[in-house]
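Visitor: next one to model:
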Amino acid sequence: MTAVADDRVAALAHASVAEVRVAFQQWLAGNADELRPFKQLSTRVDEVFAALSRLQKLLYSTGWIRLGWPEEVGGFGGPLVLRAVVSEELAAAGYPPPFSFGTQEVLGPAVVRFAPPELAAHTLPRLLRGDETWCQGFSEPDAGSDLGSLRLRAVDDGEVWRVTGEKIWTSWAQFADRCVLLARTGPLESAHKGITALFVDMDSPGIDVRPLRSMNGDDEFCSLHFDDVVVPKSRTLGEVNAGWAVAMFILSCERGAAAWQRQAWLRWRLTTMTTDAPDVPDTTAGEAFTLVHCLRLLSRRTVRALSAGEQLGVHPSLDKLMMSTAEKFLFDSALRGAPETLLLDDGSSARDWRSDYLYSRASSIYGGAAEIQRNIIAERMLGLPRG
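Guide: This next block holds a predicted model:
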């Protein structure tokens, strides 16, 4: 494996997007033989995590995923958009992004912004290197898209919080070392004004992780049970009872930067559909291309706004709604164009299409349900009345 010296990649922190794109494309081409195993991953989730952790370590050691992060947390500096190029080019070349790509783009910026500086400097490099994975403890059984009604409680006990309650739909929590957790610290009627964000070690006594099998056969989601879990006050992200600002920032990253990563993967999946499902009509393939390209344009705007430190407002809701629309249409088209492959074939390609089709059903639910996004757009962008 040819490792590009750190100083050569570090210099790209001051380069243009086009220069970084070309340089990373050349690196991928020059290391194609050694990288090829990452295109064919095991079906065992633990083995997938092990493989993608190796890919993460490689991309860190060669410097590519240190672009766009502040130097004080192990980065090379430069704008966020530079590492968006890295994730896009990985997808375009047919490589899966490391699992921590989603985590680092969704949770990493929040830790940099809201955590005590010494905590961010200690933990974020471990995430970028692939030494750790993190998870996001937001949804609850009775508080999915309605985070203002969450009930998991953190009680003030001097120098620590004592956390009790339940979270659900927490992706890959069984592999996580840390959790960004939203907890109720004010009275229930305080709604979004009584929430505090905490950064919790997952090996803390009192945390019970229970995997939930999804319809595609993966144990992706988990329920988390907290029984008087002690969390130091130094692990508070932002101000007490001001966790709503942390949550909204994280969701803007999830619906923006993560949508950029998803559109890159969907573009690659669209190219494979033309080969694996040749009976898809040209008009249908064209509509799928249009939807995916619309997602690309929306998420491009969001990534550039995040990179410039601008306020995003309601724009990420458009990204999230378009992402679920494009994803569902693409896989519906593949099913109609090659039903025998998706439903009956036992090959690895058919297995992947089946899994991706089933997972696409959740795209209008995770990260904020489509109905909620439509309400946000209607009320806050179009000025329509509530209800």
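
Visitor: only C-alpha atoms from now on, for both contacts and neighbour counts.
Guide: OK.

Visitor: how much space separates L291 from S363?
Guide: In this structure, L291 and S363 are 14 Å apart, going by C-alpha to C-alpha, to the nearest Å.

Visitor: quick one: the helices in the stretch 151-300 of the chain?
Guide: 243-276, 282-307 (DSSP state H, counting those that start in this stretch).

Visitor: need those in CSV with mean neighbour count, can you?
Guide: Below are these laid out as CSV (neighbours: other C-alpha atoms under 10 Å):
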stretch, mean neighbour count
helix 243-276, 22
helix 282-307, 19
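
Visitor: of all those, which one comes closest to D356?
Guide: With C-alpha to C-alpha, the closest approach to D356 among the helices of the stretch 151-300 of the chain belongs to helix 243-276: 9.7 Å.

Visitor: which elements pack onto that closest one?
Guide: For helix 243-276, the elements it packs on are helix 81-92, helix 99-106, helix 108-114, strand 195-201, helix 282-307, helix 315-337, judged by 3 or more C-alpha pairs under 8 Å, 6 or more residues apart in numbering; DSSP states H and E.

Visitor: pairing partners for the lengthiest strand in the chain, with directions?
Guide: Looking across the chain with DSSP state E, the single longest strand is strand 221-232. Sheet pairing of strand 221-232 (DSSP bridges) gives strand 160-167 (antiparallel), strand 207-212 (antiparallel).

Visitor: and E379, which of these is closest to it?
Guide: Going by C-alpha to C-alpha, the one of the strands paired with strand 221-232 nearest E379 is strand 160-167, 28.6 Å.

Visitor: now tell me what touches the closest one from outside.
Guide: Contact with strand 160-167 is made by 137-141, 151-156, 183, 223-233, as judged by C-alpha atoms under 8 Å, 6 or more residues apart in numbering.

Visitor: show me how to select, in PyMOL, the buried members of those residues.
Guide: Selection of buried members from the contacts of strand 160-167 for PyMOL, criterion 16 or more other C-alpha atoms under 10 Å:
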select buried, resi 137+138+139+140+151+152+153+154+155+183+223+224+225+226+228+229+230+231+232+233
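
Visitor: got a list of contacts for stretch 374-385?
Guide: Taking C-alpha under 8 Å, 6+ apart as the rule, stretch 374-385 contacts 314, 317-318, 321, 386.

Visitor: can you tell me the centre-most residue of the protein?
Guide: Per C-alpha atoms, centre = their mean, the C-alpha nearest to the average position across the chain is that of G102, at 3.0 Å.

Visitor: contacting residues around the nearest residue to S223 once chain neighbours are set aside?
Guide: Excluding the flanking residues, the one nearest S223 by C-alpha to C-alpha, 6 or more residues apart in numbering is I168, at 4.1 Å. Contact partners of I168, counting by C-alpha under 8 Å, 6+ apart, are 137-141, 221-224.

Visitor: for R304, state which of those residues is nearest.
Guide: F138 (25.9 Å).

Visitor: mean pLDDT lowest for which of the helices and strands packed on helix 243-276?
Guide: The minimum mean pLDDT among the helices and strands packed on helix 243-276 belongs to helix 99-106 (a mean of 76).

Visitor: for A50, pull up the helix or strand it's in.
Guide: Assessed by DSSP states H and E, A50 sits inside helix 45-61.

Visitor: now that helix against helix 81-92, angle please.
Guide: 130 degrees (axes from the mean of the first three to the mean of the last three C-alpha atoms, to 10 degrees).

Visitor: which parts of helix 45-61 are buried?
Guide: 48-49, 51-61.

Visitor: coming back round to it: you'd agree the residue nearest to the centre of the chain is up against A258?
Guide: Yes: with contact defined as C-alpha atoms under 8 Å, G102 counts as touching A258 (6.2 Å).

Visitor: so which helix or strand of the chain has the lowest pLDDT on average?
Guide: The helix or strand of the chain with the poorest confidence is helix 99-106; it has a mean of 76 (mean pLDDT, DSSP states H and E).

Visitor: for this structure, which spans come out with low pLDDT?
Guide: Across the chain, the ranges flagged by pLDDT under 70 are 1-6, 98-101, 387.

Visitor: can you add mean neighbour count and distance to Y359 and give the strands paired with strand 221-232 back as a markdown table?
Guide: A markdown table is the format used below for the strands paired with strand 221-232 (neighbours: other C-alpha atoms under 10 Å; distance: least, C-alpha to C-alpha, whole Å):
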| stretch | mean neighbour count | distance to Y359 |
| --- | --- | --- |
| strand 160-167 | 21 | 21 |
| strand 207-212 | 18 | 14 |
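
Visitor: now for the ones you listed, which one comes closest to T196?
Guide: The nearest among the strands paired with strand 221-232, by C-alpha to C-alpha, is strand 160-167 at 10.6 Å.
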